[in-house]
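Chemist: Sharing a sequence plus its predicted fold:
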Amino acid sequence: MLPLTIRQLKIFEAVARQLSITRAAEELHLSQPAVSMQMKKLAEVVGQPLLEQDGKRVRLTGAGEELAISAREVIRSLKRFELGLVARKGLAGGFLRLAAITTATYFVPRLLGEFAKLHPGVKVALRVVNREQALESLAAGLEDLYVLGQPPVNLAVTAQPFMENPLVVIAAPDHPLALKRNIPLTRLIEEPWLMREEGSGTRKAVERLFASQGLALTPRMELGSSEAIKQAVLAGLGISVLSQHSLALHSPDQFAILDAKGFPIRRQWHAVYPAERPLTVVARTFLDFLLTYGKSHDTDTN
C-alpha cells in the first residue's frame, strides 16, 4: 500500500478541485511553497506525475484524476466516521464547520455568539468566502453549512431560508437624489454605478430588476467587497446596492438609502448544505437555532 498521509490527500484534493496551487493554498491557509512541496512528495510516492502546468493553472494527469477520485472517497469515509463520533458525543465536544459569503459576516458572528452561549462546548470554524468560492466548497462538501443569499440552481442542495435580506440603493448623504421620492429606474440608471464582481448574488438580483424594465446596467466600477463599495460611495464615486444588513454598524445618517421603485429587493438568507449528506448533530442543532432564534433576533437594520 502506498504510504500516503491524510494531510497529503486533503491538500491534493483541494489542488485537484481548484486546479490551482495558489487557490488551494489560500483555501487551506497554507503557503504556496508548502502545497507545492506536498504535491512533489506525493508524486514521488505515487511514482508518476499527477499535475501538468497549464499557464497559471494546473491540469490533472490520468494518474492525477484517478487519485483525486480515491482522495475524495477517503475524505468522505473519514467524515462519515467523524459523524458517528459527533453523534455519540452529542454537543459536549462537537465541531461546526461554517462558510458564509462576505455580506453575511455582518450578522453571522452575532448569531454564532448567541449559539455559543447556549452550547459552550461546541467549537466553530467560520470561513468567509465570496460566492464563487462558496459554491466550489459546497460542491466538494467541505463545510457542514453554508450561509448564502441565493442557493445554487445547478447543485443538489437543501436550502432553508431563515432571515430576510433586503437589498437597498445607497448613496452619499449629500447626493442630489437623497431627498427624492419614488425614483424611477430610468433615472437611477443615469447615475454612475458601483457593483460587486460578476457572479455576485446581489449584482444578479439588481441586473434582473433592471432587465425586467428593458434596462441594461453598466457599472462604472467593480469592487470586491461591500466595505470597498461603501468607501467609494462616501467618496462620491457613484451609487450602489447592498444588503441593508451591511449598514447595521453605521450611524443612520452616514449613508442615504434612496427611495427608488422596485427597492428594496426582498430576498432571504439561506442555510445550505449538500442534499445527499446528513447533517451532523451540531450542524442540525445550529440550523434549528437559525430557523427559530435567528429569526427572532434579526439584525437591526432600521
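Modeler: Received it, and whenever you're ready, just let me know what you need.

Chemist: Could you use CA atoms for every contact and neighbour count after this?
Modeler: Will do.

Chemist: Tell me the bridge partners for the residue nearest the centre of the chain.
Modeler: Centroid check for the chain by CA atoms, centre = their mean gives residue 101 as the closest residue, at 2.8 Å. Taking DSSP bridges as the rule, residue 101 bridges to residue 129.

Chemist: Local confidence estimate at it?
Modeler: The model reports residue 101 with a pLDDT of 90.

Chemist: who's in contact with it?
Modeler: By CA atoms under 8 Å, 6 or more residues apart in numbering, the contact list for residue 101 reads 128-131, 134, 147-148.

Chemist: Same check on residue 18?
Modeler: Taking CA under 8 Å, 6+ apart, we find residue 18 in contact with residue 24.

Chemist: measure it to residue 26 for me?
Modeler: Note on residue 18: its distance to residue 26, by CA to CA, to the nearest Å, is 10 Å.

Chemist: now swap in residue 156 and tell me
Modeler: Taking CA to CA as the measure, residue 156 falls 26 Å from residue 26.

Chemist: surely residue 96 meets residue 127?
Modeler: No - at 11.0 Å, residue 96 does not count as touching residue 127 under the criterion of CA atoms under 8 Å.

Chemist: of those two, who's got more company?
Modeler: The neighbour comparison of residue 96 against residue 127 (other CA atoms under 10 Å) goes to residue 96, with 20 against 16.

Chemist: Which residue is the nearest non-sequential neighbour of that one?
Modeler: Spatial nearest neighbour of residue 96, chain neighbours left out: residue 124 (4.7 Å); criterion: CA to CA, 6 or more residues apart in numbering.

Chemist: Could you count how many residues lie near the one you found?
Modeler: Neighbour count for residue 124, taken as other CA under 10 Å: 14.

Chemist: Give the buried residues for stretch 225-232.
Modeler: By neighbour count on 16 or more other CA atoms under 10 Å, the buried set for stretch 225-232 is 226, 229-230, 232.

Chemist: Let me know the closest of the residues you listed to residue 170.
Modeler: Nearest to residue 170 out of the buried residues of stretch 225-232 is residue 230 (CA to CA; 8.5 Å).
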